[in-house]
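show me how the following folds:
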Amino acid sequence: MALQGSLSDFGIAEILQLIGSQQKTGILHVIGADDADEVHIFFASGRIIRCDVARRDKRDSLGAALLAAEVIDRDQLTAAQKEQKSTLKRVGDLLVEHGALTADVLQDFSDLQTRETLYRLFEWKTGSYAFEGKPPNFARPVGTPISSETVLMEGFRMLDEWPLVRARISNYGLVFRIVRSLGDVETEADALERILDDAFSEFVEPAPDVSRPKGATGTPSNLGRQERRVLQLIDGKRTVAQIIDRSRLGEFETCKALVTLQNEGYIEAARLKKPQEQPGRTRGIDWRAVASRSAVNVAALGAIVAAVLFMPRSRIEIHRNTQQVAFEAVERLRTNRIVAVAQALEVYRVEMGSYPDSLEKLVAQGFVEGFVLLPPGGDPIEYLTIGDDFDLR
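As a prediction, the model looks like this:
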């Protein structure tokens, strides 16, 4: 397949979709503007099996990532790097051989680094690309193979939600402190706001960018696994950059978790470290691209949350308003899940050649989780396939 050209004419999303849908095997070479960055993406039958950065900054190497996450120490990394020069083995493999870390941990970090590199490519607007076809088994997978469709869905989700996250986490030198423990009791108002947060943040809607009052209470049940992991890393000393390094969640997921923790009243900004104080890797990625629907979502969220915050204090009026807001939240959640199912149907068609005859096949093939087909407070999602089209309601 002859595939080459400029990123200004053909974006990375379209390129990945084409290679994935045609199940090609080979290497996609992507070169940034002014030849400043060069990424090589290895494919096997349309799935990504490896991702190399030709001119990766030493601070962004896998060894540096392991060191920043405090998985290994400086002496272990130095010894592995020294041995690499004579053996030409990968630093990660040498660290596993010497017992500095396990093979599973190495694979987790390798997978994370691959995903982070791929997602950042979505921000590249200029540069060039070229696909080089290769025979089967031309390269062994470095990490867990990733489907192009997964990268596309996650990449677009990140682009959509990053502007709201960046509005709250604009400087990686920021230091947070904990102001609320996990054992606090959840009030009715907190429960209602948690329902709203869940409804608006699921799948396609960005997380609400609304701060809760200082000292608000809540239960640990309104925090997910990622938020809990990030909360454990906050000590009033670590910067956002250091928390990203140690969380093993990636830049976007860590920052999103920090925003959620702020919104839920668990943490607050303590201070901002000066540049010379900030250890660890620097990040020069510009995530200011705003998805077209972000403004609409913010406006809708603002209207509903305002209704909650300024609702009348009488019990009857509070009950009535609570019912109305809960109804709107459930309706929005159903709409979100229908959109998610529609996206899964398109991915299914690309991989299987046609739409499924039932939504249960999406679950059986792992395209969606079973609970997505059963929105709370309503009937199951109805699906009708019409030849080359479908209808969801």
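
where does this structure dip in pLDDT?
Within the chain, the ranges that satisfy pLDDT under 70 run 1-2, 35-36, 55-60, 183-222, 274-332, 350, 376-378, 386-388.

all the helices of it, residue numbers only.
In the chain, the helices defined using DSSP state H lie at 12-21, 62-68, 74-87, 91-97, 103-121, 148-168, 188-201, 225-233, 240-247, 251-263, 294-309, 315-352, 360-364.

how about the ones you listed in JSON lines, adding distance to Y129 and mean neighbour count?
C-beta coordinates here come from the backbone N, C-alpha and C atoms, glycine included. Shown next, in JSON lines, are the helices of the chain (distance: least, CB to CB, whole Å; neighbours: other CB atoms under 10 Å):
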{"stretch": "helix 12-21", "distance to Y129": "6", "mean neighbour count": "19"}
{"stretch": "helix 62-68", "distance to Y129": "24", "mean neighbour count": "20"}
{"stretch": "helix 74-87", "distance to Y129": "30", "mean neighbour count": "13"}
{"stretch": "helix 91-97", "distance to Y129": "27", "mean neighbour count": "19"}
{"stretch": "helix 103-121", "distance to Y129": "10", "mean neighbour count": "19"}
{"stretch": "helix 148-168", "distance to Y129": "14", "mean neighbour count": "20"}
{"stretch": "helix 188-201", "distance to Y129": "33", "mean neighbour count": "19"}
{"stretch": "helix 225-233", "distance to Y129": "32", "mean neighbour count": "17"}
{"stretch": "helix 240-247", "distance to Y129": "28", "mean neighbour count": "24"}
{"stretch": "helix 251-263", "distance to Y129": "23", "mean neighbour count": "23"}
{"stretch": "helix 294-309", "distance to Y129": "28", "mean neighbour count": "15"}
{"stretch": "helix 315-352", "distance to Y129": "20", "mean neighbour count": "16"}
{"stretch": "helix 360-364", "distance to Y129": "31", "mean neighbour count": "15"}
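
just so I know, which of those lies nearest F43?
Comparison of these against F43 by CB to CB identifies helix 12-21 as nearest, at 5.7 Å.

which residues are in contact with the closest one?
Defining contact as CB atoms under 8 Å, 6 or more residues apart in numbering, one finds that helix 12-21 is touched by 3, 28, 30, 43, 46-47, 121-122, 124, 129, 131, 147-149, 151-152, 155-156, 350-351.

which one is A241 nearest to, not counting chain neighbours?
Nearest residue to A241, sequence neighbours excluded (CB to CB, 6 or more residues apart in numbering): Y172, at 4.0 Å.

how close does that neighbour get to L28?
Distance of Y172 to L28, given as CB to CB, to the nearest Å: 30 Å.

more crowded one of these two?
Between Y172 and L28, counting by other CB atoms under 10 Å, L28 is the more crowded of the two (23 against 20).

name the nearest residue to that one, ignoring sequence neighbours.
Among residues not flanking L28 along the chain, I41 sits closest, at 4.3 Å (CB to CB, 6+ apart).

mind checking how far that neighbour is from Y119?
12 Å.

related to what we said a few turns ago, just send the helices of the chain back as JSON lines, with distance to V53 too.
Shown next, in JSON lines, are those (distance: least, CB to CB, whole Å):
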{"stretch": "helix 12-21", "distance to V53": "15"}
{"stretch": "helix 62-68", "distance to V53": "10"}
{"stretch": "helix 74-87", "distance to V53": "17"}
{"stretch": "helix 91-97", "distance to V53": "14"}
{"stretch": "helix 103-121", "distance to V53": "6"}
{"stretch": "helix 148-168", "distance to V53": "16"}
{"stretch": "helix 188-201", "distance to V53": "31"}
{"stretch": "helix 225-233", "distance to V53": "25"}
{"stretch": "helix 240-247", "distance to V53": "18"}
{"stretch": "helix 251-263", "distance to V53": "15"}
{"stretch": "helix 294-309", "distance to V53": "29"}
{"stretch": "helix 315-352", "distance to V53": "27"}
{"stretch": "helix 360-364", "distance to V53": "34"}
